[in-house]
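need a structure here:
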Amino acid sequence: MKNITVAVPDDVYARARVHAAEAGTSVSNLVANFLRTVAADTDDEFARLVALQRQVQSSVVGFSARDNVSRDEAHDRAPR
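Numbering: from 1, shown residues only. Reported below is the predicted structural model:
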């Protein structure tokens, strides 16, 4: 487990202490729970993007690199 130092305005800390006391926990636990939530949301977003990538890749049917135009054709400019 890592310890971190966070600077917050005095009034924010005071309200956080009150909230923590009402919840029967500490400010440290409030922050740790918040960071766990952020990390879980990040993991969920990554999993969602991986699933979307797989879905898109599976929906591309009949694509072949040999069907692409050559490099010369792709860069050929029509006369103006």
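
buried residues in the strand or helix carrying V56?
According to DSSP states H and E, V56 maps onto helix 27-59. Using 16 or more other CB atoms under 10 Å as the test for burial, helix 27-59 gives V27. In this view, the C-beta of every residue, glycine as well, is placed from N, C-alpha and C.

following that helix, which helix or strand shows up next?
Downstream of helix 27-59, the next assigned helix or strand under DSSP H and E is helix 71-75.

coming back round to it: quick one: list the elements packing against the helix holding V56.
Judged by 3 or more CB pairs under 8 Å, 6 or more residues apart in numbering; DSSP states H and E, helix 27-59 is in contact with helix 10-23.

outside of the worst-scoring helix or strand of the chain on mean pLDDT, which residues touch it?
Using mean pLDDT, DSSP states H and E, helix 71-75 stands out as the lowest-scoring helix or strand of the chain, at a mean of 80. For helix 71-75, the external contacting residues (CB atoms under 8 Å, 6 or more residues apart in numbering) are N68.

Check the offset of it from the chain's centre.
37 Å (CA atoms, centre = their mean, to the nearest Å).

Stretch 45-62 now?
So, by CA atoms, centre = their mean, the centroid of stretch 45-62 is 16 Å from its chain's centroid.

So for it, mean pLDDT?
Averaging pLDDT along stretch 45-62 yields 86.

can you pull the alpha-carbon coordinates of it into CSV?
Taking Å, rounded to 0.1, in the frame of the first residue of the first chain, the C-alpha atoms of stretch 45-62 are listed here in CSV:
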residue,chain,number,x,y,z
GLU,A,45,-13.8,1.8,-19.8
PHE,A,46,-10.8,-0.2,-21.0
ALA,A,47,-12.9,-3.4,-21.1
ARG,A,48,-15.6,-1.6,-23.0
LEU,A,49,-13.2,-0.3,-25.6
VAL,A,50,-11.6,-3.7,-26.0
ALA,A,51,-15.1,-5.2,-26.6
LEU,A,52,-16.0,-2.4,-29.1
GLN,A,53,-12.7,-3.0,-30.9
ARG,A,54,-13.5,-6.8,-31.2
GLN,A,55,-17.0,-6.0,-32.4
VAL,A,56,-15.8,-3.7,-35.1
GLN,A,57,-13.1,-6.1,-36.2
SER,A,58,-15.5,-9.0,-36.4
SER,A,59,-18.0,-6.8,-38.5
VAL,A,60,-15.3,-6.2,-41.2
VAL,A,61,-16.0,-9.1,-43.5
GLY,A,62,-14.5,-9.6,-46.9
